[in-house]
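J.: what's the 3D shape of this:
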Amino acid sequence: MPPSHILLFDADCILCNKSVQYILKHDSKKIFQFASLQSDYGQNFLKNHNLPLNVYSTVIYLKNEKVYTKSTAAIRAFSALNSFSKSLLLFLIIPFPIRDFVYNLIAKNRKHFFKNQTSCLIPTEELKSRML
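T.: Next comes the predicted model:
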């Protein structure tokens with residue numbers, strides 16, 4: 001049976017890596033598995049879903065075989081962590097064009113926001129065991 005919660009992220013993005021670290025820390029049920037968009041798994045996923053193979057400015061959340069991208073992916077992934085985080089689902093009432101506009105602004109400027117940080121995620125054994 002395939003994993004029910006998969007998060008695909010840009011392995012070269014500090015913000016993405018910090019998000020993965022946050023999810024790892026707060027995923028008490030260990031429901032998430034991860035793959036970078038640049039990995040073989042990520043590239044095959046993008047190809048199979050007719051998504052650009054070289055655009056990594058999005059996060060993709062696959063939950064029970066349903067694909068979410070950008071702001072919807074972020075909201076749904078973080079809301080799956082615990083009962084308190086389910087309140088994030090309230091952001092879904094904001095129309096997705098508005099949410100994705102904000103998401104795209106952050107994605108476009110993410111390297112600027114973290115320009116003083118040059119290190120990315122160093123995979124722990126736990127992360128390695130949950131990578132696809």
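
J.: in space, what's closest to K86 - neighbours in sequence excluded?
T.: Distance criterion C-beta to C-beta, 6 or more residues apart in numbering; nearest residue to K86, sequence neighbours excluded, is S79 at 5.1 Å. No exception for glycine: its C-beta is placed from N, CA and C like everyone else's.

J.: ramachandran angles for that neighbour?
T.: The phi/psi pair for S79 (degrees, to the nearest 10) reads phi -70, psi -10.

J.: and the residue nearest the centre of the chain, how far from C13?
T.: Nearest residue to the geometric centre of the chain (C-alpha atoms, centre = their mean): V59, 4.1 Å. Using C-beta to C-beta, to the nearest Å, V59 is found at 9 Å from C13.

J.: repeat that for K47.
T.: 21 Å.

J.: ok, those two, which is more surrounded?
T.: Neighbours per residue (other C-beta atoms under 10 Å) separate K47 from C13, with C13 holding more: 22 against 11.
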